[in-house]
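Peer 1: here are the coordinates; sequence isn't available:
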């Protein structure tokens, strides 16, 4: 054990007395929401010091000591080595992505920030491979904030269709409108003001825009960065908890390179996305493997298993390896030898999505030019899938008879009298949103031999199948449409 670690360990032993101090972390977790928000705000406003962010106030040292120096970066040399190794790797291995090219080539700071903003919003909960085409199409259609601000919500929903989490597109447009109408067309320049002034921009997105577009030395934590930090510092506690989240943001702020903050943040995200992956990390390719506590822990556990640890005194561990450290793996979830570094971070417990059911009907009629048309209605402007178009739908009824009656009433509200006997059940489609597992019972009704309905109330429209595929409809509705082909087999079985 190095002299510095030994000194910090003695500091920890002193700080533990009296025992009431041990409970301070629990009291901080139980603090009011207002207090947590103020603490988060103070973290986001932290500026790098003359020692690149390593100088701290006494109360900060106390907080760090309370979680053991094992989980911290201990000195300037260690932080400098981490920055240098990560950025050198990024310069050689970074992926060629359209938003990176725009950020590097764009001279105008507002256009550069807008390009970063769009990419960061699209990448929330969505894989890079999926986003690329959406991003390219979006920037071709609306290359500036002013272009997006003047677009209609219908156009935004149409281009966003299939990308999921549809409120993101709506919030993005609302933010563009606010920048144009209230901020003179200029994006806020700091993470703090970005988060304060723009709807839908949280702490991570604000930090990403500020660091990449404006060079502000502010750290960011997304899922990829959290995983990297948890492994590098052997943090096994729930990363979504308030205490661990605050610690991860503190580490990110400590590590961010003040000379290249945007590149550093992208490098940390890139490392998590391509090397330090959730299930099969490529540790041999990791540029910071020598600084990785998770990798060191793997070696220590292997030595323990071979009963040769006594001959290797330099292998470090948490000074609080007694079940008391709030950043270590919880005692209820001991080390799993088969997982290796994937022990970090442990997955947060997630509630299963609630299950709901709905009935929807694909109503088809002959088109004026010979092609078939299907009826779509628009969802409310708030709530799930706000503003998108869908087949007429109703909530699930407990019996088939009640279900058919409710669905026919909804169809007739939009299209007038309909032949009830032609309504056929076609099957079901299951679609899982972030918090809802929705099962659609899909029905079909074909208006063959009838005069086409030419007028519909506001909020409804007839589209061809080709138009349907380019309209602002959800993925769930696109899953339901193919079942329409079954209708003709049911109606005309021969």
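Peer 2: Good, I have the coordinates. Computed from a predicted structure; not experimentally measured. Numbers count the residues shown, from 1 in each chain.

Peer 1: where are the low-confidence patches of the stretch 1-150 of the chain?
Peer 2: Applying pLDDT under 70 to the stretch 1-150 of the chain flags the ranges 1-67.

Peer 1: let's see that with 50 instead.
Peer 2: 1-65 (pLDDT under 50).

Peer 1: mind listing the helices for it?
Peer 2: Taking DSSP state H, counting those that start in this stretch, the helices of the stretch 1-150 of the chain run over residues 3-15, 24-29, 33-44, 58-65, 76-93, 98-105, 109-123, 128-141, 145-149.

Peer 1: just the stretch 201-350 of the chain next, same as before
Peer 2: Counting by DSSP H, counting those that start in this stretch, the helices of the stretch 201-350 of the chain are 203-214, 223-232, 242-255, 261-274, 293-305.

Peer 1: out of those, flag the one nearest residue 100.
Peer 2: helix 261-274 (7.2 Å; Cβ to Cβ). Bear in mind the C-beta positions are built from the backbone N, C-alpha and C, glycine included.

Peer 1: now the closest one against helix 242-255, angle please.
Peer 2: Helix 261-274 and helix 242-255 are oriented at 130 degrees to each other (axes from the mean of the first three to the mean of the last three Cα atoms, to 10 degrees).

Peer 1: now helix 261-274: mean pLDDT?
Peer 2: Here the mean pLDDT over helix 261-274 is 98, rounded to a whole number.

Peer 1: for stretch 358-376, same thing?
Peer 2: In the prediction, stretch 358-376 has an average pLDDT of 85.

Peer 1: buried residues, it. List them.
Peer 2: The neighbour-count check on stretch 358-376 (16 or more other Cβ atoms under 10 Å) flags 358-366, 373-376 as buried.

Peer 1: quick check, nearest of the residues you listed to residue 105?
Peer 2: Out of the buried residues of stretch 358-376, the member with the shortest distance to residue 105 (by Cβ to Cβ) is residue 376, at 40.1 Å.

Peer 1: host element of the closest one?
Peer 2: Using DSSP states H and E, residue 376 sits in strand 372-378.

Peer 1: same check, this time on residue 444
Peer 2: strand 436-446.

Peer 1: what angle do that strand and strand 372-378 make?
Peer 2: Using the same axes, to 10 degrees: strand 436-446 against strand 372-378 is 140 degrees.

Peer 1: give me the sheet partners of strand 436-446 and which way each runs.
Peer 2: Paired with strand 436-446 in the same sheet, following DSSP bridges, are strand 354-366 (parallel), strand 424-432 (antiparallel).

Peer 1: could you dump these to a markdown table with distance to residue 116?
Peer 2: A markdown table is the format used below for the strands paired with strand 436-446 (distance: least, Cβ to Cβ, whole Å):
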| stretch | distance to residue 116 |
| --- | --- |
| strand 354-366 | 35 |
| strand 424-432 | 30 |
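
Peer 1: nearest to residue 342 among those strands would be which one?
Peer 2: strand 424-432 (24.7 Å).

Peer 1: quick one: mean pLDDT for that closest one?
Peer 2: 93.

Peer 1: please apply the same query to stretch 178-193.
Peer 2: Mean predicted confidence for stretch 178-193 is 97.

Peer 1: residues contacting it, please?
Peer 2: 41, 44-45, 109-110, 113-114, 117, 145-146, 149, 194, 196-199, 203, 206-207, 209-211, 213-214, 216, 218 (Cβ atoms under 8 Å, 6 or more residues apart in numbering).

Peer 1: just the buried ones from those residues?
Peer 2: 44, 110, 113-114, 117, 145, 149, 194, 197-198, 203, 206-207, 209-211, 213-214, 216, 218.

Peer 1: neighbours of residue 282, how many?
Peer 2: 11 (other Cβ atoms under 10 Å).

Peer 1: what pLDDT does it get?
Peer 2: 98.

Peer 1: which residues touch residue 89?
Peer 2: 267, 271, 287.

Peer 1: and for the first one, nearest residue in space, chain neighbours not counted?
Peer 2: What it means is residue 267. Nearest residue to residue 267 in three dimensions, chain neighbours excluded: residue 90, at 3.5 Å (Cβ to Cβ, 6 or more residues apart in numbering).

Peer 1: kindly report the same for residue 381.
Peer 2: residue 387 (5.4 Å).

Peer 1: what does residue 416 give?
Peer 2: residue 453 (6.4 Å).

Peer 1: how about the contacts made by that neighbour?
Peer 2: Per Cβ under 8 Å, 6+ apart, neighbours of residue 453: 365, 415, 416, 447, 462.

Peer 1: hmm, try it at 10 Å
Peer 2: 363, 365, 373, 375, 414, 415, 416, 417, 418, 447, 460, 462 (Cβ atoms under 10 Å, 6 or more residues apart in numbering).

Peer 1: which stretch of helix or strand covers it?
Peer 2: Judged by DSSP H and E, residue 453 forms part of no helix or strand.

Peer 1: output the below-cut-off pLDDT ranges for the stretch 201-350 of the chain.
Peer 2: Those would be 313, if you go by pLDDT under 50 across the stretch 201-350 of the chain.

Peer 1: mind doing that once more with 80?
Peer 2: 305-317, 319-324, 331-332, 347-350 (pLDDT under 80).

Peer 1: re earlier: wait, which of the contacts of residue 89 is closest to residue 402?
Peer 2: Looking across the contacts of residue 89 and measuring by Cβ to Cβ, the closest to residue 402 is residue 271, at 54.9 Å.

Peer 1: which residue packs closest to that closest one, ignoring adjacent ones?
Peer 2: Counting by Cβ to Cβ, 6+ apart, the residue nearest residue 271 is residue 228, at 5.5 Å.

Peer 1: also residue 91?
Peer 2: residue 263 (8.0 Å).

Peer 1: measure the one you found to residue 85 for me?
Peer 2: 13 Å (Cβ to Cβ, to the nearest Å).

Peer 1: hmm, back to that, the strand holding residue 376 packs against which elements?
Peer 2: strand 354-366, strand 389-390, helix 400-415, strand 436-446, strand 460-463, helix 465-470 (3 or more Cβ pairs under 10 Å, 6 or more residues apart in numbering; DSSP states H and E).

Peer 1: if we go to 8 Å?
Peer 2: When contacts are defined as 3 or more Cβ pairs under 8 Å, 6 or more residues apart in numbering; DSSP states H and E, strand 372-378 packs onto strand 354-366, strand 389-390, helix 400-415, strand 460-463, helix 465-470.

Peer 1: go through the strands paired with strand 436-446 and name the closest to residue 407.
Peer 2: Of all these, strand 354-366 comes closest under Cβ to Cβ, at 5.1 Å.

Peer 1: angle of the closest one against helix 400-415?
Peer 2: Using the same axes, to 10 degrees: strand 354-366 against helix 400-415 is 50 degrees.

Peer 1: the residue nearest to residue 271: neighbouring residues, count only.
Peer 2: Residue 228: 32 neighbours (other Cβ under 10 Å).
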